[in-house]
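Colleague: Take a look and give me a structure for this.
(2 chains)
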Amino acid sequence: MTATTAAATGSSTPGPAARTAARVTDAVKVYGAGDTTVRALDGVTVGFAAGRFTAIMGPSGSGKSTLMHCAAGLDTLTSGTAHIGDTELSALDDRRLTLLRRDRIGFVFQQFNLVPTLTVAENITLPLDLAGARGDAEWIDALVDVVGLRDRLRHRPAELSGGQQQRVAVARAFAGRPDVVFADEPTGNLDSRSGQEVLGLLGRAVRQMDRTVVMVTHDPVAAAHADEVLFLADGRLVDRMESPTADKVLDRMKAFEVRT
Amino acid sequence: MNTSVRLSLSSLRAHRRRFAGTFLAVFLGVSFLAGTLVMGDTLRSGFDSMFGKATGGTDAVVRSADTITTPGESQGVRQPVHTSLVKTLERVPGVAAAAPDIQGAGQLVGRNGKPIGGQGPPTVAGNWITDPTLNPYQLAEGRAPAKTGEVVVNRGTAKKGGLRIGDTTTLRTPDPVRVTIVGLATFGGEDGMAQVTFTGMTQADAEKYLTAPPGEAASIQVRAASGVSQAELVHRLTPVLPKGVEAITGQESAQENTDMISSQFLTIFTTFLLVFSGVALLVATFSIHNTFAIVVTQRARENALLRALGASRRQVTASALAEASAVALTASAAGLAGGIGIAAGLQALFPAIGFPFPDADLVVKPLSMVLPPLVGVVVCLASALAPAVRAGRTAPLAALRETAVDSSGASRTRAIAGTGLAALAIAATLTGVLVSPSVWLAGLGAVLALVAFVVLGPVASTTVVRLLGGPLDRLRGVTGALARRNALRSPKRTAATASALMIGVAVVSLFTVFGASLKATMDQTVSRSFAGDLAVSTPSFGAGGSGLSPRLAGAIQRLPEVDTAVGLGRGVAEVDGKGRSLTVTDPAALARTFDLGTVQGSLGDLGADGLALTRNEADKQGLTTGDKARLTFTDGRTETFTVRAVYGRSELAGDYVITRQAWAPHRTQDSDTLVAVSLKPGVSADTGKAAIEKVAARYGNPQVQTRGEYAQSSAGGIDMMLTLVYALLALAVLIALLGIANTLTLAIHERTRELGLLRAVGQTRSQVRAMVRWESVLVAAFGTAGGLALGAFLGWVLVKASDGASDTAFAFSLPPARLAVVALVGITAGALAGLRPARRAARLDVLRAIATE
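Modeller: Residues are numbered from 1 along each chain as shown, chains lettered A, B, ... in the order given. Next up, the predicted model:
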């Protein structure tokens, strides 16, 4: 059933050149009711191209986290549609949504990324283990080397530094070769050196391993690692920037603050 | 309002759910305690007023002053008084009427051919006292017995046996007597005196069937003429009484009756219930302590903030204690109300299940009002004290740290202290059980063992949970692994949670092991001592039942299939001044159907003045064959007997044996408790049984059993007792499970973020549920395993201590099937306890879980 829905909507995908890994169309998200209504997303349509590193920026309250949560199937839209590949998310019940997250999406959160009772190795394969899948041993082996944690595999998260923990989270996010990895402020809690390491990892995953990353951030330096930056304000998509640099992004953000 | 109090109240309001488990634990414990006390007082007052009403017309009771009390009996056997004394008493000025009260055992057979009663309370037959004010029973329907064979029966007995006025049935005295019911009686307005069955016959019948020689009565009831007080009556009666006979007032007699019921039934009943409410409260202590400990840890940040803002240690501690007090007070108050409700409910329920609860208003004494809530509050506050003090010690800096979860393992001190305690416990028990038998030392060891188990819990939990959870990893993959590691996260918490269940399971196992050992002991006794093929007995225990007709053994003996049939009767006498029970039998035949061990002397020629006794008693009394012993019987006569035989085993035969010939002059109502039969060679047990059953049918239809059946039915009461114990322990286990559920709920609250993460990266709801459920099962399995080990150990101690304290050789038996059921129930209960927390965990909203501070 999901397949037919996906096929039907898939034909209407705009832009045949770049395959979209995830997209939202006319996304509206309203929180609360009555006087306290907040429109966190107010008609956003955006596609995240496969094989690209996209950053979503915006001041706090702009709806960037909500956009990510809805696109990743962690939250549901009030109206509009969200797709992962050709699968429409609103058609899925909690179980299927969970399975979809497990099999096709990777996550890196700002903190609390790891299960404290599991070792580093177990945390990396957690989504695969939950699925009861063996996983691609060579791929995971390569990932471990890329994130540089081979000597830490048997350690518990509490024994790692914050940067190391985020690197484990990155490895976990890519372990199942998901369609798309969503990263929510992945460097928000890190010092700048560790942050650079994590961002470098995300960039290499996209450029050398052909993965897709969507990252929410408020840090222009972090955004500069992306191929493209989307700017959100008041729940709307207000601008895009190809090949960003930290300075350009910063200028753009300053312009926002003046205007709003 | 005080700041600490205000803080704790607002925190209570905010976290009401966290304290639901604590509230329930205190509530249940207090309810049980209050219910027990109120019910005990109500029953006591009910019996009091019932006896008052029933015997109100009796102003004085004349009876023998001497009783013979055998060891282990609460009440002695009183010597009879002669009925001729009635005439003397009637001539005393101030006496309006006097009537003999002749009593004996008499069990009625119901409409369905089965005997009525006999499962504990006495089955009494007596003369129907014609003076209505002297007769404790009042005629409710029909008329009094006028000629031989006519009887009045108390209404409760008639109802139970389906008997009506005009019916003819059998009264076992124990010789079967055909009786016709002509009237129904009440006792103090009730259908009977508790469960006691009463059959009233004419005085002639009573003398004929219930006493050995005619003219003997248990007592004489006397009514005073108007204007003569009870004390005055006793004063006037006393000078005319022969030596050894006394007069007491009617009030004293009623009080004695109430006290007798109290001591024989109510005290045992309430003590029994109090012990179990104690167990329940002990279990509750662990649950409550655990809840407060977790809450305080979870609130470390909040408390640290308060400290940083200038709250003193004392204020923070006081606030935590105030919170505990609020829970304790409301739960205790609710528990008191609940307990009174339980007592009222039981009062309504008992008559419905055939137990006449004397009609009385609920008696709620000040003690029942004060004690249970006080215990509830003390238990709750004592359990919360350590966590509250810890709350006060929170460093202000903790506000800046991540939410702390106490994941500290077992300290070295704990391991050393626990091991020391365990060693001490084992040393004390082994010494008390094996080296120099002492119940106190064994008991001390048992208590120490319990403490050692609790202290060592956190030390053991890591290893044991890892071991028990081992198969989970393989069976349930990452879900199982997560469950196991969650259970391992905080060894102290896991151990404390499991400890509550451990105590419950330990008590269950203790009784299971002890019960099985008792059964094994009986089995061993029968198979070792009973050399016959068949046993004839009446199914009864306690004071009930009328025994077997003494003529039955002779009748069976005459059967061609039978080699030997020997009847065993019971008598009491004082042997050199000490009350002892005697076995009255044919000693030569006894030796053929029982294995009496090594016999010194000859059982064959005891004669009319010979005595046989066990080696054990002989050593204690310093008697050997040829020695003389003075026996004083219930008729007051003393005779000198010669010890003619000393035998090794007393188990079924009793400690003292005399012949029927020797007993005959002193006999009371004659009955045998057991007829042991050995068949002629070549006669099968089935053939023999069929032949004997035909004869037995003429003697009130007692049970004919093979050796195996006899051993089994001897142990029948144990199973009934165990069922009752299990039912009472269900409460303790329930409280323990509430504790597990509560701890899990709190743990889930702590792990909200982690659960959110797991859900985000793809753990399905059913996987979340399974994970929490398995954690619950693991904690329960840990508690159950500990409980089984502790219970089996304590059972062993109890069996060995009983062995040392009595002459009977106790067998120790571990019933594997039953213990397996206990284990299964414990683990299943763990899965049930995990259901609600598991549902809650699965319902967590992923996004909110991730965003939780």
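Colleague: Helix or strand for residue B:170, just tell me which one.
Modeller: In this assignment (DSSP states H and E), residue B:170 forms part of strand B:168-172.
Colleague: Relative to that strand, what are the paired strands and their orientations?
Modeller: Strand B:168-172 has its sheet partners listed here by DSSP bridges as strand B:107-108 (antiparallel), strand B:176-187 (antiparallel).
Colleague: Can you report how many residues neighbour residue B:817?
Modeller: Residues near residue B:817, counting by other C-beta atoms under 10 Å in any protein chain shown, number 8. For every residue, glycine as well, the C-beta is placed using N, CA and C.
Colleague: Just the CA trace of the helix or strand where it lies, in PDB.
Modeller: Residue B:817 belongs to helix B:816-833 when assigned by DSSP H and E. Backbone C-alpha positions of helix B:816-833 (Å, rounded to 0.1, in the frame of the first residue of the first chain) are rendered in PDB as follows:
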ATOM      1  CA  PRO B 816      10.900 -29.300  44.000                       C
ATOM      2  CA  ALA B 817       7.500 -29.000  42.300                       C
ATOM      3  CA  ARG B 818       6.000 -26.600  44.800                       C
ATOM      4  CA  LEU B 819       9.100 -24.500  44.900                       C
ATOM      5  CA  ALA B 820       9.200 -24.400  41.100                       C
ATOM      6  CA  VAL B 821       5.600 -23.100  41.300                       C
ATOM      7  CA  VAL B 822       6.700 -20.400  43.800                       C
ATOM      8  CA  ALA B 823       9.500 -19.400  41.500                       C
ATOM      9  CA  LEU B 824       7.200 -19.300  38.500                       C
ATOM     10  CA  VAL B 825       4.600 -17.200  40.400                       C
ATOM     11  CA  GLY B 826       7.300 -14.800  41.500                       C
ATOM     12  CA  ILE B 827       8.600 -14.300  38.000                       C
ATOM     13  CA  THR B 828       5.100 -14.100  36.400                       C
ATOM     14  CA  ALA B 829       4.100 -11.600  39.100                       C
ATOM     15  CA  GLY B 830       7.200  -9.600  38.000                       C
ATOM     16  CA  ALA B 831       6.000  -9.600  34.500                       C
ATOM     17  CA  LEU B 832       2.600  -8.300  35.700                       C
ATOM     18  CA  ALA B 833       4.200  -5.600  37.800                       C
END
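Colleague: Let me see the mean pLDDT of the strand holding residue B:170.
Modeller: Average pLDDT, strand B:168-172: 88.
Colleague: Buried residues, it. List them.
Modeller: B:169-172 (16 or more other C-beta atoms under 10 Å in any protein chain shown).
Colleague: List of residues touching that strand?
Modeller: If you take C-beta atoms under 8 Å, 6 or more residues apart in numbering or on different chains as the criterion, strand B:168-172 is touched by B:106-111, B:115, B:125, B:151, B:161, B:163, B:176-181, B:199, B:201, B:209, B:538, B:546, B:549, B:700.
Colleague: Just the buried residues of those.
Modeller: B:106-110, B:115, B:125, B:151, B:161, B:163, B:176-177, B:179, B:181, B:199, B:201, B:209, B:538, B:546, B:549, B:700.
Colleague: Just say helix, strand or coil for residue B:220.
Modeller: Following DSSP: H, G, I helix; E, B strand; the rest coil, the label given to residue B:220 is strand.
Colleague: Where does residue B:511 sit, in terms of helix or strand?
Modeller: If you go by DSSP H and E, residue B:511 is part of helix B:491-529.
Colleague: how about the helices in chain A?
Modeller: A:2-10, A:64-71, A:94-104, A:120-124, A:126-131, A:137-147, A:162-175, A:192-209, A:220-223, A:246-259 (DSSP state H).
Colleague: Who are the packing partners of the longest one?
Modeller: Contacts defined by 3 or more C-beta pairs under 8 Å, 6 or more residues apart in numbering or on different chains; DSSP states H and E place helix A:192-209 against strand A:53-57, helix A:137-147, helix A:162-175, strand A:180-184, strand A:213-216, helix A:220-223.
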